[in-house]
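> What follows is a predicted protein model with its sequence.
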Amino acid sequence: MRVFTLHPGHGTAPVRESDTLPTALPSDGFLWISCTRTEFEAQLAAVQGTLQNLAGQALFDLHVSDLLNRQLPSHYDYTSEYDIVVFRRLASAAGPGSTSRTVQAPSAAVPSPTSAPAPVRLFGTGKAGASSPLLAQVDTSAVGFAVYDRVVLTVHPSDCLVRDAYAARLLQAASGLQVQGGHGVAGGNGHAHGPAGGNGNGSGSANGGPDHRVHQRLLPASPADLMLRMISSIIDGFLELRRDLSQQIDNWQLALLNPGSNFSDWRSLLASRMSLHQLDEICEDQRAALQDWLDALEAWPDTGTAEQKRERELLKVRSRDVLEHIERVVHHVRRMEQNAETAVQIHFSLQSNRANDIMRTLTVLTAIFLPLNLIAGIFGMNFDFLPLVHRTNGFWLAMGTMLAAALGLTAWFWRRRYLNRQDADN
């Protein structure tokens, strides 16, 4: 379990990490309690007591069941004290022969997945040693968020690198702010005094310089802002995978359209088509959940200070941005599904054209040998008198006639392009 205390406006210590549950809220800022699903189930009573103490409301049993369910579809629910968002991630599952596409900071600690249940994949990887499709490595386990006013609880799978990568970015941004606040990189010849730094002739970077603003933007302003940032990271995980997925679909297309190839990986192709359809359904659930969240956000009362109103507007903008990312994922999934379906249809169309070419060739050969068979049948009749039978050059005359008929028919069919496959295809 990792617990973070965030002070977005604090210059010296904007982020502090602990491994124990807090007993009180900070004077300003908010708390982020992050745990795996196994840790949440094992320490449920302690987590519920902490939420009751800090936020005045523990999680309802139905919401606890939602957070513990690994296969729950993405959805949104709310109470008067907190909001619940369950989001199915689209990440590359770490496993033998697979590489996680999620960016992980070097200092991020990854929990050991040995005791964790197997991740939820779109379909099985097939026989051992076989080359499994890339979609078999996509893990769609659920990530849960419980968002209070000043506390956010996140429940992740045991092998979720999104949490660790995002926590590493937070700590890195906080470290940058601490360095700027402690040394006060001033714009002029002045010296630093306190967290702001740079009280000399120029304006210090900790007082709103470019580096300070960059690091400050990396810190979430509220629990809801942190949730949206993590959801955006989850969505971007699939956008990182789309290049490899598209390349695999393209390779299948090339293999299906190659006339000389003997494509036999039908099981993987059909499984990928079903998985892309399931992935489309998952993305639709994600979009519906985030749209429900955005509708609830629009219903929040437009009261409070100017800073609070600005924060609500920022949440709306970020929610619409995440929703746009989901729509991009849906577009990519549907495009790949359509490409796979189109490749299969074109493959069977080419197979039908090849069969037609073969039948055309056989028909032409039959038409060429038909008059030859007729001549051979006539001279094979058992009559006493047949023309050319008793002549010494009769055999050669018959063979010449047959050869002339065969050459004539071949030339005629060639001019009609019945035997020229390339010209007929063009």
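Ah, there it is. Numbers count the residues shown, from 1 in each chain.
> in this protein, which ranges drop under the pLDDT threshold?
8-13, 90-139, 176-218, 239-240, 259-261, 420-426 (pLDDT under 70).
> can you give me the strands in it?
2-6, 15-18, 30-36, 75-78, 83-88, 91-92, 138-139, 142-147, 151-156 (DSSP state E).
> To residue 266, which of the ones you listed lies closest?
Nearest to residue 266 among these is strand 138-139; the distance by Cβ to Cβ comes to 20.5 Å. Placement of C-beta: from N, CA and C, glycine included.
> which ones are touching residue 334?
By Cβ atoms under 8 Å, 6 or more residues apart in numbering, residue 334 lies in contact with residue 280.
> Any figure for the gap between it and residue 38?
To residue 38, residue 334 is 35 Å away according to Cβ to Cβ, to the nearest Å.
> Repeat that for residue 57.
Where residue 38 is concerned, residue 57 sits at a distance of 24 Å (Cβ to Cβ).
> So between the two, which is more surrounded?
residue 38 (16 against 13; other Cβ atoms under 10 Å).
> My read is that the more buried one contacts residue 157, right?
No - applying Cβ atoms under 8 Å, one finds residue 38 not in contact with residue 157, separated by 9.2 Å.
> Please list all residues in contact with the closest residue to residue 228 other than its chain neighbours.
Nearest in space to residue 228, with sequence neighbours left out and distances taken as Cβ to Cβ, 6 or more residues apart in numbering, is residue 318 at 4.7 Å. Going by Cβ under 8 Å, 6+ apart, residue 318 touches 225, 228, 229, 232.
> Show the buried residues in these.
In those, burial by neighbour count holds for 225, 228, 229, 232, counting by 16 or more other Cβ atoms under 10 Å.
> Contacts only, for the third one.
It refers to residue 229. Shown in contact with residue 229 (Cβ under 8 Å, 6+ apart): 166, 220, 318.
> And for the last one?
Remark: with contacts taken as Cβ under 8 Å, 6+ apart, residue 232 is in contact with 318, 321, 322, 325.
> Looking at the strands of the chain, which is nearest to residue 402?
strand 138-139 (66.1 Å).
> Next one: the closest residue to residue 257 other than its chain neighbours relative to residue 354, how far apart?
Leaving aside its sequence neighbours, residue 257 sits nearest to residue 346 (Cβ to Cβ, 6+ apart; 6.2 Å). Separation of residue 346 from residue 354 (Cβ to Cβ) stands at 13 Å.
> Helices of this protein, residue ranges please.
Taking DSSP state H as the criterion, the chain carries its helices at 37-42, 44-55, 61-68, 161-183, 210-217, 223-257, 266-298, 306-379, 394-415, 421-425.
> Indicate which one of those is closest to residue 79.
Across the helices of the chain, closest to residue 79 is helix 61-68 (Cβ to Cβ), at 8.1 Å.
> what's the closest one in contact with?
By Cβ under 8 Å, 6+ apart, helix 61-68 touches 37, 40-41, 44, 48, 59, 72, 75, 77, 84, 86, 144, 146, 155.
> picking up where we left off before, wait, which of the buried ones among the contacts of residue 318 is closest to residue 313?
residue 225 (11.7 Å).
> list the contacts for residue 277?
residue 337.
> Residue numbering should commence at 765 henceforth.
Yep, numbering from 765; the last one is residue 1041 now.
> what's the distance between the residue nearest to residue 766 when sequence neighbours are not counted and residue 987?
Distances taken as Cβ to Cβ, 6+ apart place residue 798 nearest to residue 766, at 4.8 Å, with adjacent residues excluded. Here residue 798 is placed at a distance of 12 Å from residue 987 (Cβ to Cβ).
> same thing with residue 1154?
111 Å.
> quick one, which of the two is more surrounded?
residue 987 (24 against 8).
> Just list whatever residues bridge to the closest residue to that one other than its chain neighbours.
Sequence neighbours aside, residue 916 is the residue nearest to residue 987 in space, at 3.5 Å (criterion: Cβ to Cβ, 6+ apart). Beta bridges link residue 916 to residue 796, residue 911 when assigned by DSSP bridges.
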